[in-house]
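A.B. asks: structural data only, the sequence is not supplied:
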């Protein structure tokens, strides 16, 4: 098989995947904050979970599950309501933290830099939270299963799964870069005001996305 028949579709899939995933959203906002305070042993399974979730959704869409999703609007309505509630509650909690932040930020980053888990973060609860952001977001199904799946199926049969491979690679590249690159911001977050700003931004993003989901359709 010519290189252009494999490399070009893979690069197109990579570019398309990045164009969708590199956007400010609930999942990315949560990973950014987690990446600042969490140790590597906490972040590795979390970023793997996010990337593998995307891989499953994209592959499912390519295999034809997108048509099933489009024929099940009632399921998406339930997901939308539950997801909107979760986002709004999380956003309100972030707003509360932004208003109450004090000197705790210094201990958070110091603990994480020393190899601790940061803010008492537990892997199970972090995975559960990111699972909510991933699997209770109707837009994740529409973006990956429906949109990316349909684009993959527009490729020639021999190039289709190379395109999928590129899109999946985009998820791995982005989540690993975000999850592990966020630690470069630790000096900035040694100041409580930085945590106030971050939690404030997270509150705005989460509540706005939650309201958008609640009012959609």
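C.D. replies: Thanks, I have it. In this text the structure is predicted, and so the values were computed from the model without any measurement.

A.B. asks: so where's this protein shaky on pLDDT?
C.D. replies: 1-5, 24, 65-72, 101-120, 217 (pLDDT under 70).

A.B. asks: how about stretch 121-132: buried residues?
C.D. replies: 121, 123, 126, 129-130, 132 (16 or more other CB atoms under 10 Å). C-betas here are computed from N, CA, C, even on glycine.

A.B. asks: closest to the centroid, which residue in the chain?
C.D. replies: residue 27 (3.3 Å; CA atoms, centre = their mean).

A.B. asks: which non-adjacent residue is nearest that one?
C.D. replies: Closest residue to residue 27 apart from its sequence neighbours, by CB to CB, 6 or more residues apart in numbering: residue 133 at 4.2 Å.

A.B. asks: give me the neighbour count for the one you found.
C.D. replies: 24 (other CB atoms under 10 Å).

A.B. asks: secondary structure element holding it?
C.D. replies: Residue 133 is part of helix 123-135 when elements are defined by DSSP states H and E.

A.B. asks: what's that helix packed up against?
C.D. replies: Helix 123-135 is packed against helix 26-37, helix 40-62, with contacts defined by 3 or more CB pairs under 8 Å, 6 or more residues apart in numbering; DSSP states H and E.

A.B. asks: just send the ones you listed back as a markdown table, with distance to residue 18 too.
C.D. replies: Formatted as a markdown table, these follow (distance: least, CB to CB, whole Å):
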| stretch | distance to residue 18 |
| --- | --- |
| helix 26-37 | 12 |
| helix 40-62 | 12 |
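
A.B. asks: pick the most buried one from these.
C.D. replies: With neighbours taken as mean count of other CB atoms under 10 Å, the helices and strands packed on helix 123-135 reach their highest mean count in helix 26-37, at a mean of 22.

A.B. asks: if I take that helix and helix 123-135, what angle do their directions form?
C.D. replies: Interaxial angle of helix 26-37 relative to helix 123-135 (axes from the mean of the first three to the mean of the last three CA atoms, to 10 degrees): 150 degrees.

A.B. asks: OK, contacts around the spatially closest residue to residue 127 that is not a sequence neighbour?
C.D. replies: The shortest distance from residue 127 to any non-neighbouring residue, by CB to CB, 6+ apart, is to residue 49 (5.8 Å). Applying CB atoms under 8 Å, 6 or more residues apart in numbering to residue 49 gives the contacts 127, 130-131, 134.

A.B. asks: against residue 6, how distant is residue 49?
C.D. replies: 28 Å (CB to CB, to the nearest Å).

A.B. asks: cool, residue 42 as well?
C.D. replies: 36 Å.

A.B. asks: helices along the chain, start to end?
C.D. replies: In the chain, the segments counted as helices under DSSP state H are 4-21, 26-37, 40-62, 65-70, 73-100, 104-113, 123-135, 138-140, 149-153, 157-181, 192-215.
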